[in-house]
Each structure stands twice: as structure tokens, then as C-alpha cells.
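> Mind folding the following:
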Amino acid sequence: MTREVIDPGRLRRQDRHRSKESPRTRERLDMTGMVNLSGACGTRTAPGGSAPAGITGSPGKGSGETRTRQVVREFLRRVTEADPDAIASLYAEEVDWMVAANPAVPWIRPRRTRADVAGHWTDLAAHTVSGEGWATVDAVVVDGAEAVVTGELGGTAGATGKTFRSPFALRLTVEDGLITRHHVYEDSLAVAAACTPGADCADS
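The predicted structure follows:
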């Protein structure tokens, strides 16, 4: 098993012996420090259907799990760098995007394109306090084109100054080297309470 520690701007790898317990590949990643969501700091784009910037090899080369794992690792790395366009370049032109509808949260709305993905991270930066967003990744499970990332996230809503904290599960599907599905499961009530003046936040 490979244990990875992800810090903003860099990746450290530590190999640990582990016996095989199932056909699935299990990995543990910890994202330490704050995830800075302050906004764009440069752009990198990839032509439609080609491997995203930062992913070596051509789309489809090597096993499906290897490519999925590469894309997920790169996604987590780019999230720590807080560049909406660079994150979005990992996605296909059309995306199956699902985050539970939450009218109280200004960065949550329907999205379906690569441009919409960039918009999500831009909106998140605009409505949260810079430098106070964070996430820890407990586990990444890869099975072919499918990956599930679990952990905890938190931040501070800009409009209210209230903090939120929530466990999360993120399902990603990678096809031809690009993310085609992004489904997030989180404590939407906790996030909504942080964005609502006067509402109680359990973690504040």
C-alpha cells in the first residue's frame, strides 16, 4: 500500500507494506494544512479529449485503475493550489455533477460543463474566508474508472463569519483521462447553517 501525504504545492510518498485484502486498490492520503481557496493564480487548460496538464502519458494508456489513480492524485494536488481553471482542466467538457441542492449556500448550484466546474471553485473562494478552508482525506478507493474519496472538510462562510465542518464522500469517474462524474455527499445542513444569519452551527 502507498500512503501519501498531500501538502499545498507538494506531494510526499511513503511506502508501507500491506497484504492484499481485496481486488480493489486502497490508498490513504492525508491533506495537511489549509486548503487555500482564495482564487485563481494562473491557468492551465487541456484540449478536449486529451490528458490534462500534469498527467503523463496519453489518455487510455496503461490500466484503467492506474489512470484513475493518477487523475485523482492530480485533482487533490490542484485543489491545494486553489486554481479554478487548473482544477477544471481535469474534467471533460460535459460533467455529471451532483451536489445536493442547498439554496442557503451560494456556491452550490447545478453545473454540467468544464466552465461550470471552474465557476464552482471561483464561487467557493468568493463566499468563504481566504485561508480558512481545509480538508482531510482519510481514504481513496479506486476500482477501474471509479474512485471514492472520503474525509472531512471545513471553512468559514464569508457572509456570516460562521464556521462549518462536515464529513464528505466524493465519487469521481475517470474516462479517457478526464473526470466525467463528480458526486459529493456531505452534511448540507451544517454548511447551510454556517451560511444563514442567526442559525446555530453545531461546530462553532
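> give me every residue that touches residue 94.
112-114, 180 (C-beta atoms under 8 Å, 6 or more residues apart in numbering). Where you see a C-beta, it was placed from the backbone N, CA and C, and this is true even at glycine.
> again, 7 Å this time
Residues counted as contacts of residue 94 (C-beta atoms under 7 Å, 6 or more residues apart in numbering) are 112-113.
> what about it, which helix or strand?
Under the criterion of DSSP states H and E, residue 94 resides in strand 91-99.
> List the buried residues of that strand.
Judged by neighbour count using 16 or more other C-beta atoms under 10 Å, the buried positions of strand 91-99 are 91-92, 95, 97, 99.
> List the strands paired with the lengthiest strand in the chain, with their directions.
Assignment by DSSP state E gives strand 163-175 as the longest strand of the chain. Counting by DSSP bridges, the strands paired with strand 163-175 are strand 146-156 (antiparallel), strand 178-186 (antiparallel).
> Go through those strands and name the closest to residue 78.
Checking these against residue 78 by C-beta to C-beta gives strand 178-186 as the closest, at 11.3 Å.
> and the end-to-end length of stretch 108-115?
Start-to-end span of stretch 108-115 (C-alpha to C-alpha, to the nearest Å) is 15 Å.
> How about it, which residues are buried there?
Across stretch 108-115, burial judged by 16+ other C-beta under 10 Å covers 108, 111, 114.
> Grab the CA positions of the strand holding residue 94 and hand them over as PDB.
Provided in PDB are the C-alpha atoms of strand 91-99 (Å, rounded to 0.1, in the frame of the first residue of the first chain):
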ATOM      1  CA  TYR A  91     -12.800  17.500 -16.300                       C
ATOM      2  CA  ALA A  92     -14.500  16.500 -19.500                       C
ATOM      3  CA  GLU A  93     -16.400  19.200 -21.400                       C
ATOM      4  CA  GLU A  94     -19.600  17.800 -20.100                       C
ATOM      5  CA  VAL A  95     -19.800  16.500 -16.500                       C
ATOM      6  CA  ASP A  96     -22.300  14.600 -14.400                       C
ATOM      7  CA  TRP A  97     -22.100  16.900 -11.400                       C
ATOM      8  CA  MET A  98     -24.100  16.300  -8.300                       C
ATOM      9  CA  VAL A  99     -24.100  18.300  -5.000                       C
END
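> Now the element after it, going C-ward?
Going down the chain from strand 91-99, the next helix or strand is helix 114-127, by DSSP H and E.
> List the buried residues of that next one.
For helix 114-127, by 16+ other C-beta under 10 Å, it's 114, 116-125, 127.
> For residue 65, grab the count of nearby residues.
By other C-beta atoms under 10 Å, 17 other residues sit near residue 65.
> typed the wrong thing, it's residue 141
Residue 141: 16 neighbours (other C-beta under 10 Å).
> Test my guess that it contacts residue 169.
No. Residue 141 is not in contact with residue 169 according to C-beta atoms under 7 Å; the separation is 10.0 Å.
> Just the C-alpha atoms of the longest helix along the chain, please, in CSV.
Identified as the longest helix of the chain according to DSSP state H is helix 64-81. Taking only C-alpha atoms (Å, rounded to 0.1, in the frame of the first residue of the first chain), the coordinates of helix 64-81 have been written out as CSV:
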residue,chain,number,x,y,z
GLY,A,64,-7.8,1.9,-16.1
GLU,A,65,-7.1,1.9,-12.4
THR,A,66,-3.6,3.4,-12.9
ARG,A,67,-5.1,6.3,-14.9
THR,A,68,-7.9,6.8,-12.4
ARG,A,69,-5.4,6.9,-9.6
GLN,A,70,-3.2,9.4,-11.4
VAL,A,71,-6.1,11.8,-12.1
VAL,A,72,-7.4,11.6,-8.5
ARG,A,73,-4.0,12.4,-7.1
GLU,A,74,-3.6,15.3,-9.5
PHE,A,75,-7.1,16.6,-8.6
LEU,A,76,-6.2,16.6,-4.9
ARG,A,77,-2.9,18.3,-5.6
ARG,A,78,-4.6,21.1,-7.7
VAL,A,79,-7.2,21.7,-5.0
THR,A,80,-4.4,22.6,-2.6
GLU,A,81,-3.1,25.1,-5.2
